[in-house]
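> no sequence for this one, just the structure:
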Ligand SMILES: Cc1cc2nc3c(=O)[nH]c(=O)nc-3n(C[C@H](O)[C@H](O)[C@H](O)COP(=O)(O)OP(=O)(O)OC[C@H]3O[C@@H](n4cnc5c(N)ncnc54)[C@H](O)[C@@H]3O)c2cc1C
Ligand SMILES: Cc1cc2nc3c(=O)[nH]c(=O)nc-3n(C[C@H](O)[C@H](O)[C@H](O)COP(=O)(O)OP(=O)(O)OC[C@H]3O[C@@H](n4cnc5c(N)ncnc54)[C@H](O)[C@@H]3O)c2cc1C
């Protein structure tokens, strides 16, 4: 890392993407990072590289090349099978020190937000959290990193003028994923890592995947969300029916989760998930800022609320003012009818 | 078991707005609270102390008024409170904050466990916990939703992941950041409130913790906020009117292009 006073920032070149891999799969956010990473790299006239860690991951490297990476650094080792903070951190730090990229991007996921701060600290590098916009400033090639703070009440643009690499975690589902071209070619570099870096003090005893229960609402193109206005668990059946009609998933405000009508993995917002579906239908949700930050980048937002002054209407593309117990069944019915036509 | 909890004083989220004239944060009339996640970290520390013995120390970096949240922590069961406060700390990003907290912890002595909140509701970065662990060279786990067991040399916790959770064992000393699911924080007792009123808050300056000038405050921060602005409202909104049937008709008509 370079700290103030060091002037040789120019030694640092290239855009890197940390391609998160877990349970046999590259995380979707990796493709989103390659999408924005490709733009940044082209603008800077430098290569785009991906870093892939795990056990038996070599075969996945080509997917990253197809999605825009020029080079993929693969560290394939049984010690990297489970996510462990210390090992992942040391291996990534070691790679960065050796190859000096100017920018390192990772997903603002559980893993990204856990491991990257440790690496940035050790490198003396600036790290911007949970970015929703990234751009290169023409004049000096500096990375401008924009992110929401204060629960989404304000946006801040941040730069790291004196340190390298410029590091950022990027919020999932905000950047468009890279187009995939299976004929693209690139270089896969298998990196040997000294054994001592792979020694861990952390022991993963078990990985519990909460399937079914923990449906990933981030994966749906259409979400129907319910809030306190649904009044009880039965209210969610209305939402469920509408979601089924649309082939979408069910989401909720924190008030609905706290009331026990639906489980936490469905919660959207500051302390829940960030979603970016094509269509988000908010039913009986007031639109508190802590909820809005989790859904405001959806392409189309529909709000159904009986209070015309509810803040949700400030975020909505289309607003319906009235009783959801009337409107939601009507909407489900109408959609069913039109589908038949 | 000696536990240290990092506590940040934050503006109450619902009060925060930008001053449209100056485009800076309007601090007038904004009340300050203990960062909500830190309340859960404190509760976990106090309940671990009750089961395993030892003492709980709370630590905050901030202006003199941050003393308030430390007193509140004492009323909720903390034994000692330390405020690192110095004008030179102003403008610290997470890099400089983790440096400062680490120097303070090293000054205070040895702890078996260090607890942080998952994130602060103002800066929202979730970076200070892992950064602090890196500086103290202790193993860490973020987003802990449950502590399963603690014995002499190690702790077993559940770490929340995007697709479920991992069960992880790590040796002590260690650092954890916690989410809200971990516990239900207690309300201060009358006795606790009395104790808090009388408690002595130890204040440490930059010199007291031997902090290097180039590593603290704005000067020691590799990130710089160059612009703050309000998120743009959506310009394209339509609110329908009429009976529920009429509104639904209008919606279905426009949704056809979306679906
Ligand atoms: C630190 C912090 C973090 C938070 N994180 C989150 C988070 O991640 N996600 C989140 O959602 N919230 C979060 N919150 C809570 C948030 O501030 C709000 O309290 C919450 O979003 C409110 O949920 P709601 O809109 O369902 O309920 P309410 O605010 O009670 O709104 C209910 C709405 O339903 C309408 N309504 C009622 N009956 C009907 C009817 N029959 N027909 C039509 N409309 C009806 C009402 O007009 C009202 O607008 C957080 C708060 C804090 C302080
Ligand atoms: C608009 C805005 C955007 C910012 N963006 C960034 C950014 O992207 N990157 C960056 O490096 N800095 C950023 N900062 C600066 C950052 O907010 C401060 O460095 C702050 O001191 C710590 O970060 P945090 O509030 O995000 O805490 P977090 O890292 O979210 O806090 C996690 C935990 O660390 C502990 N903790 C944090 N601060 C303290 C403290 N002062 N005393 C005791 N314990 C504490 C608490 O236990 C807390 O729960 C930003 C500041 C602003 C105003």
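That came through fine. Bear in mind the structure is a predicted one, so any value in this text is a computation, not a measurement. Ligands and ions are numbered 1, 2, ... in the order given.

> Next, count neighbours for the closest residue to residue A:150 other than its chain neighbours.
Of all residues not flanking residue A:150 in the chain, residue B:16 sits nearest, at 4.6 Å (C-beta to C-beta, 6 or more residues apart in numbering or on different chains). Just so you know, the C-beta spots here come from the backbone N, C-alpha and C atoms, and that holds for glycine as well. For residue B:16, the neighbour count with other C-beta atoms under 10 Å in any protein chain shown is 20.

> Please list the residues of the stretch 1-150 of chain B that sit near chain A.
B:11, B:13-14, B:16-18, B:25, B:93-95, B:98, B:121-131, B:133-135, B:139-143 (C-beta under 8 Å from any C-beta of the partner chain).

> Mind checking which of these are buried?
Buried by 16 or more other C-beta atoms under 10 Å in any protein chain shown: B:11, B:13, B:16, B:18, B:25, B:93-95, B:98, B:121-131, B:133-135, B:139-143, out of those.

> Let's see which of those end up in helices.
B:94, B:95, B:98, B:128, B:129, B:130, B:131, B:133, B:134, B:135 (DSSP state H).

> restrict those to those near ligand 2?
B:94, B:95, B:128, B:129 (C-beta under 6 Å from any ligand atom).

> what residues are up against the last one?
Residues near residue B:129 by C-beta atoms under 8 Å, 6 or more residues apart in numbering or on different chains: A:117, B:6, B:116, B:117, B:118, B:140, B:142, B:175, B:176, B:177.

> Dump the residues you listed to a markdown table, plus secondary structure and pLDDT.
Output for the contacts of residue B:129, formatted as a markdown table (DSSP: H, G, I helix; E, B strand; the rest coil; pLDDT from 0 to 100):
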| residue | secondary structure | pLDDT |
| --- | --- | --- |
| A:117 | helix | 98 |
| B:6 | strand | 98 |
| B:116 | strand | 98 |
| B:117 | strand | 98 |
| B:118 | coil | 96 |
| B:140 | strand | 97 |
| B:142 | strand | 97 |
| B:175 | strand | 98 |
| B:176 | strand | 98 |
| B:177 | strand | 98 |
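
> and of these, the nearest to residue B:40?
Nearest to residue B:40 among the contacts of residue B:129 is residue B:117, at 6.8 Å by C-beta to C-beta.

> quick one, what contacts the closest residue to that closest one other than its chain neighbours?
The shortest distance from residue B:117 to any residue other than its chain neighbours is 2.7 Å, reached at residue B:37 (C-beta to C-beta, 6+ apart). Contact analysis of residue B:37 by C-beta under 8 Å, 6+ apart lists B:117, B:118, B:119, B:120, B:121, B:177, B:178, B:179, B:180.

> List phi and psi for residue B:37.
When quoted as degrees, to the nearest 10, the phi and psi of residue B:37 stand at phi -70, psi -30.

> One more: residue A:226?
According to degrees, to the nearest 10, residue A:226 has phi -120, psi 150.

> Do a quick rundown of the helices in the chain.
Defaulting to chain A. Taking DSSP H, the helices of chain A run over residues A:28-44, A:61-66, A:85-99, A:110-123, A:235-246, A:254-258, A:289-292, A:312-315, A:324-340.

> Can you look at chain B instead?
Here chain B has its helices, by DSSP H, at B:36-52, B:67-75, B:94-108, B:128-136, B:190-198, B:244-258.

> Most tightly packed of the ones you listed?
helix B:128-136 (a mean of 26; mean count of other C-beta atoms under 10 Å in any protein chain shown).

> Run the chain-centre distance for it.
On the basis of C-alpha atoms, centre = their mean, to the nearest Å, the separation between the geometric centre of helix B:128-136 and that of its chain is 13 Å.
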